[in-house]
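> sequence? don't have it. structure:
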């Protein structure tokens, strides 16, 4: 079984700074800040930042491959060292890269952590969100069993996403879609609705996103409104677990206990990867939720958004 995903390709950087660094560089603390390429290069030079390949859909690809199934990723990168790093990290993880290289910088997202542990983000997407509809081969999706993307990609690649979903639908490839964030929902509500109604077979959302999209005042009602006979819905609830409903049944599962929570970044993507793995292996909705929850519990125990080791036959561990 194979999953192919398409989305942005930012390289993530993380650094600890003092509060005055945020103020001096005119950044809004605790917010996403869009900055120019020159300012990003300056930050790279003056900060001792760690880095890792980013992107929600790429995280899902990594998880799917980490659990033993085939995955591939479609996107665009710049013709720089960061782009080469991104492609190399995909290959190291066992993900097949279908990356269009463009002239210019690869996108970067810098997370600045102040002493109060609040996170401020500085982002320049460069060429990481500029894949055009004609810049990937239809065969990359036609040979897959699942196609996955997120609402993050709709900021600049709506027509690329739509073409990919059309190819998937024509070739009976199961399409999954993550609502990504409340901000993405607010920006792209009509586009999201069109995609869900016409192409998507599985939709993922956290509690806040599910309620924002459906207008429900609780996640249980939101799940009812999201799910249909044609589309399964999965609502991720963090430490409270997850629940799902679809034409083939419904289920709910609790979160697994962990020894220590080191990082929650990437846990939702891990949950989605585990759920899709379970569906690919023919598991029930409830069993697939449990696989997702178990895999997510391993992610929060490490510093990275991606698990540094593989898990074989995870369904036998549940």
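Nice, thanks for sending it over. Everything quoted here is computed from the prediction, not taken from an experiment.
> Distance check, residue 94 against residue 72.
10 Å (CB to CB, to the nearest Å). Quick note: C-beta positions are derived from backbone N, CA and C, even for glycine.
> more crowded one of these two?
residue 72 (22 against 16; other CB atoms under 10 Å).
> For the more buried one, which non-adjacent residue is spatially closest?
residue 96 (3.8 Å; CB to CB, 6 or more residues apart in numbering).
> and the one you found, how many neighbours?
Neighbours of residue 96 using other CB under 10 Å come to 16.
> And residue 311, by the same measure?
17.
> Contacts only, for the closest residue to residue 145 other than its chain neighbours.
Spatial nearest neighbour of residue 145, chain neighbours left out: residue 1 (4.8 Å); criterion: CB to CB, 6+ apart. By CB atoms under 8 Å, 6 or more residues apart in numbering, the contact list for residue 1 reads 69, 70, 145, 146, 280, 281.
> And residue 295, by the same measure?
63, 67, 270, 271, 273, 274, 277, 307, 311, 314.
> now the third one, what's its secondary structure?
This means residue 270. helix (DSSP: H, G, I helix; E, B strand; the rest coil).
> correct me, but it touches residue 293?
No: contact criterion CB atoms under 8 Å: residue 270 and residue 293 do not qualify, at 9.3 Å.
> Find the centremost residue of the protein, please.
For the chain, the residue nearest the mean C-alpha position is residue 56 (1.8 Å; CA atoms, centre = their mean).
> which residues touch that residue?
Residue 56 touches 7, 150, 152, 178, 180, 268, 269, counting by CB under 8 Å, 6+ apart.
> which element is the fifth one on?
In this case it means residue 180. Residue 180 is part of no helix or strand when elements are defined by DSSP states H and E.
> so what's the residue lying closest to it once chain neighbours are set aside up against?
Leaving aside its chain neighbours, residue 180 sits nearest to residue 151 (3.8 Å; criterion: CB to CB, 6+ apart). Going by CB under 8 Å, 6+ apart, residue 151 touches 177, 178, 179, 180, 181, 184, 185, 188, 192.
> May I see the buried residues of whichever strand or helix holds the residue nearest to residue 72?
If you go by DSSP H and E, residue 96 is part of strand 95-102. By 16 or more other CB atoms under 10 Å, the buried positions in strand 95-102 come out as 95, 96, 97, 98, 99, 102.
> the helices in the stretch 1-150 of the chain, which residues?
With DSSP state H, counting those that start in this stretch, the ranges of helices along the stretch 1-150 of the chain come out as 19-24, 37-46, 56-66, 81-92, 139-142.
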